[in-house]
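Colleague: The following comprises the amino acid sequence and a computationally predicted model.
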Amino acid sequence: MNQDNQGLDFSTVIASTVHDLKSSLSALIQSHSQWVERLPEELRGGAEQGIMEHEFRHLNGMLVQLLGLYKLGVNQLPVCPDYHELDDFIEAQLAAHEEVLKHNDILATWRIDTDNPLGFFDRELVASVIANVITNATRFAGHALLITIEEADNQLAICVNDDGPGYPKHMLERQEDYIQGIDSTSGSTGLGLYFAARIAALHESGGVRGRIEISNGGALGGGLFRLFLP
């Protein structure tokens with residue numbers, strides 16, 4: 001055997017390990033949920049439970065991103081856009097985060113500001129982006145979260161707004177540089193935004209590619225994430 005072929009490609013090893021970690025985390029989340037259901041009602045709440053729910057979501061989101069970026073790197077991430085009911089899409093995202101939102105005392109609302117009830121996108125990929133944004137928003141939000149879908153620049157815009165302190169100035173100033181290194185204060189790497197930008201760009205129509213944009217303000221005054229889909 002050629003010596004060059006004796007070792008496994010490191011990226012493949014990492015991807016396989018991440019897949020196994022994701023399977024283990026799913027089993028842990030399921031077991032934890034079953035354990036919580038057996039607890040007396042008075043023991044099911046509390047800050048600790050909220051932290052665990054949030055970190056489960058956070059870890060799962062990071063693993064999904066890593067697997068997605070690996071598949072993007074080897075051109076094995078299929079894009080399967082289709083028409084989806086927008087209200088059903090938003091409700092599904094919030095339902096998946098119901099426990100985290102409840103334990104963090106965050107009221108999540110949504111609205112659709114477009115006459116078209118359908119959107120054309122890859123539901124699984126876009127859902128993975130929005131799920132990560134919601135998870136991060138629950139970390140910084142005060143008590144409110146708002147998801148809106150609107151039309152902007154002839155594109156569908158899915159927006160996530162919170163009432164927290166907003167995105168740091170350095171992130172707003174370097175929006176095109178989503179991999180910004182680890183922030184010693186927040187621990188952020190920018191990986192989530194990089195993943196979101198790559199997923200957005202996979203959606204293309206008439207030569208226009210999807211994109212993301214972050215800002216501060218919006219209806220709730222905090223961080224505002226917008227995903228534009230042509």
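Modeller: Yes, it's here. It should be emphasised that the depicted structure is a prediction, and the values quoted were computed from it without experimental measurement.
Colleague: what does the domain assignment say about this protein?
Modeller: 8-72, 80-227 (the TED database).
Colleague: hey, least reliable of those domains by pLDDT?
Modeller: Mean pLDDT is lowest for domain 8-72 among the domains of the chain, at a mean of 76.
Colleague: Spell out the secondary structure type for the residue nearest to the spatial centre of the chain.
Modeller: The centroid of the chain falls nearest to Asn132 when counting by Cα atoms, centre = their mean (1.8 Å). At Asn132 the chain is in helix, as set by DSSP: H, G, I helix; E, B strand; the rest coil.
Colleague: Just give the nearest non-adjacent residue to Ile130, would you?
Modeller: Gln93 (5.2 Å; Cβ to Cβ, 6 or more residues apart in numbering). All C-beta spots, glycine's among them, are computed from the backbone N, C-alpha and C.
Colleague: My guess is the one you found contacts Ser128. True?
Modeller: No. The criterion here is Cβ atoms under 8 Å, and Gln93 misses it with Ser128 at 10.3 Å.
Colleague: helix/strand/coil for Ala108?
Modeller: strand.
Colleague: contacting residues around it?
Modeller: Residues in contact with Ala108 (Cβ atoms under 8 Å, 6 or more residues apart in numbering) are 94, 97, 101, 144-147.
Colleague: any idea how far Cys159 lies from Pro230?
Modeller: 16 Å (Cβ to Cβ, to the nearest Å).
Colleague: And these two? Which one has more around it.
Modeller: Legend: neighbour count by other Cβ atoms under 10 Å for Cys159 and Pro230, higher for Cys159 (22 against 18).
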